[in-house]
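J.: Structure of the sequence below:
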Amino acid sequence: GVQFLRGYDKPTTKGKREGRYRYEPGTTAILTKTETPLSLDVVDESVQMMDAE
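T.: Purely as a prediction, here's the structure:
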């Protein structure tokens, strides 16, 4: 018969990190900061049963 030789290497191996990917606090500049207060009112609240079969 025929013997198929297949590679045993993983085709997609996970890469290793080469350095630190953390930024120290204060290194990223915040250009603008806007906080908008929200006031929400509940208009309609209803409960419906699901059909469970």
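
J.: which residue is nearest the middle of the protein?
T.: By C-alpha atoms, centre = their mean, the chain has its centre lying nearest to residue 21, at 16.8 Å.

J.: mind checking the SS state of that residue?
T.: When classified by DSSP: H, G, I helix; E, B strand; the rest coil, residue 21 comes out as coil.

J.: From residue 13, how far out is it?
T.: Noted for residue 21: a distance of 19 Å to residue 13, by C-beta to C-beta, to the nearest Å. Every C-beta, even on glycine, is put in place using the N, C-alpha and C of the backbone.

J.: do residue 36 as well
T.: Using C-beta to C-beta, one obtains 46 Å as the distance from residue 36 to residue 13.

J.: so what pLDDT did residue 10 get?
T.: You'll see residue 10 listed with a pLDDT of 65.

J.: For residue 36 and residue 13, indicate the residue with more neighbours.
T.: Here residue 36 and residue 13 are compared on neighbour count by other C-beta atoms under 10 Å; more neighbours surround residue 13, at 7 against 4.

J.: which SS class is the more buried one?
T.: With three-state DSSP as the basis, the three-state label of residue 13 is coil.

J.: Number the residues from 838 up from this point.
T.: I'll keep to 838 as the first residue from here, and by that count the last item is residue 850.

J.: and it, what is it in contact with?
T.: When contacts are counted by C-beta atoms under 8 Å, 6 or more residues apart in numbering, residue 850 touches no other residue.

J.: What separation do you get for residue 875 and residue 883?
T.: Separation of residue 875 from residue 883 (C-beta to C-beta): 23 Å.
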